[in-house]
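Asks: 3D, please:
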Amino acid sequence: MKIKDLCVSERPRERLLAHGAATLSNGELLAILIRDGMPGKNATDIAQMLLRAHDGNLAALFSLSGEKLQETPGIGPGKAACILAAFELGRRFVREYNGILRKPLVSARQIYELMLPQLKGLRHEECWAILLNGHNYVLSRERVGEGSRLATIIDEQRIIRLAIEKGASALALVHNHPDGNPNPSQADICSTRRLQAAVHACSLQLVDHVILCDDSFFSFEQDREMRR
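Replies: Down below sits the predicted model:
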């Protein structure tokens, strides 16, 4: 059945306008982005196929490329672009209105909450530097590395150069572990020690290195690994 053949009260777009987006399921919201269907399946059917293919996990959907989205029957380049644009707007909204930016960054929990919207659901590792002023307020967040599912390279010289260019007094390093285990590898430990030494030599401070997963994190500062 086509969506236009449903009664008005059952159509996702009309329900959203009448009652608000919060009243719709994930599938119905996706159906609005997909807009129309294909022979034998309406937009809601296609949205449900897309969700089922990723276990209903929105974090998994957020990490998909345009090519992966188009593997779902009924989703072509135009629909994939619309979905990707909506996801990116969601990410930017969360980053822009994150209240953590309005207060000093003093704990690993704050670092985790600040960077989770950026890194949640990724299937590859990314490394970010959070640059701070003398009062630990965020000056900027810079992606400084991207790797595979298992590793990323930390470029100490690039990080220090960015910190100096932005006038930072301190920085925090963050990278994600897509496998869900936040514990550091031996490579993570060695990279952190090298970065700490390089930052200290330039009269900067490395306040923490946080390894982030979707539902947990590891802090080198809390674990006192950086103090050894």
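Asks: low-confidence ranges, the protein, go.
Replies: 1-10, 95-101, 149-150, 225-228 (pLDDT under 70).
Asks: biggest helix in it by residues?
Replies: Secondary structure assigned by DSSP state H gives helix 77-96 as the longest helix of the chain.
Asks: in that one, what's buried?
Replies: For helix 77-96, the neighbour count (16 or more other CB atoms under 10 Å) marks 79-80, 82-84, 87 as buried. Yep, even glycine has a C-beta here, placed from its N, CA and C like the rest.
Asks: ramachandran coordinates for Gly147?
Replies: Phi and psi for Gly147, reported as degrees, to the nearest 10, are phi -140, psi -150.
Asks: need the contact list for Cys202.
Replies: If you count contacts by CB atoms under 8 Å, 6 or more residues apart in numbering, Cys202 has them with 160, 163-164.
Asks: of these, buried ones?
Replies: Buried, going by 16+ other CB under 10 Å: 160, 163, out of the contacts of Cys202.
Asks: so which of the contacts of Cys202 are in helices?
Replies: Mapping the contacts of Cys202 onto helices (DSSP H) picks out 160, 163-164.
Asks: reformat those as a markdown table; add distance to His19.
Replies: Supplementary listing: those in a markdown table, determined by distance: CB to CB, whole Å:
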| residue | distance to His19 |
| --- | --- |
| Ile160 | 52 |
| Ala163 | 48 |
| Ile164 | 52 |
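Asks: Leu122 and Ser63 touch, don't they?
Replies: Yes - with contact defined as CB atoms under 8 Å, Leu122 and Ser63 form a contacting pair (5.3 Å).
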